[in-house]
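A.B. asks: Provided below for reference: sequence and predicted model.
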Amino acid sequence: MRRKPPAGAVTKAPDGLPSAMIENWAWHDHAACRDVNPELFFSAESERGLRKHARELLAKSLCGTCPVRQQCREHALMVGEMYGVWGGTTEEEREPALHGRHR
């Protein structure tokens, strides 16, 4: 069943942007992370080293079970998502692809 957009939601992207924004997120309804605390996927500003690596491994392990992992990764690359784990990739892993798209 398709969710009804909330009142005031942008359902049509402005000219020059990707297709309707609500439809760009339809895959999220099937994501393994849909009911998980987002803090698992985004590091605190002060998080470093082993703590960050352990959190990323846990997030990526959940992504490994996700039926929409590819759509999530493609979304992150399409919009230039600079933070967090998306589609089983960290910001560092996406960085080369993001820089390649801007050339």
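C.D. replies: Looks like it came in fine.
A.B. asks: need the contact list for residue 72.
C.D. replies: By CB atoms under 8 Å, 6 or more residues apart in numbering, the contact set of residue 72 is 27-28, 31, 63, 66, 86-88. The way it works is simple: take the backbone N, C-alpha and C, and place the C-beta from them, glycine included.
A.B. asks: For the spatially most central residue of the chain, which non-adjacent residue is spatially closest?
C.D. replies: Central residue of the chain (CA atoms, centre = their mean): residue 86, 3.8 Å from the mean position. The shortest distance from residue 86 to any non-neighbouring residue, by CB to CB, 6 or more residues apart in numbering, is to residue 76 (3.5 Å).
A.B. asks: Check residue 64 too.
C.D. replies: In this structure, residue 64 finds its nearest non-sequential neighbour in residue 88, 6.3 Å apart by CB to CB, 6+ apart.
A.B. asks: Leaving out the residues flanking it, which one is nearest to residue 43?
C.D. replies: Nearest one to residue 43, counting by CB to CB, 6+ apart, is residue 52 at 5.3 Å.
A.B. asks: on that earlier part again, per-residue confidence at the residue nearest to residue 64?
C.D. replies: The score at residue 88 is 97. That number is its pLDDT.
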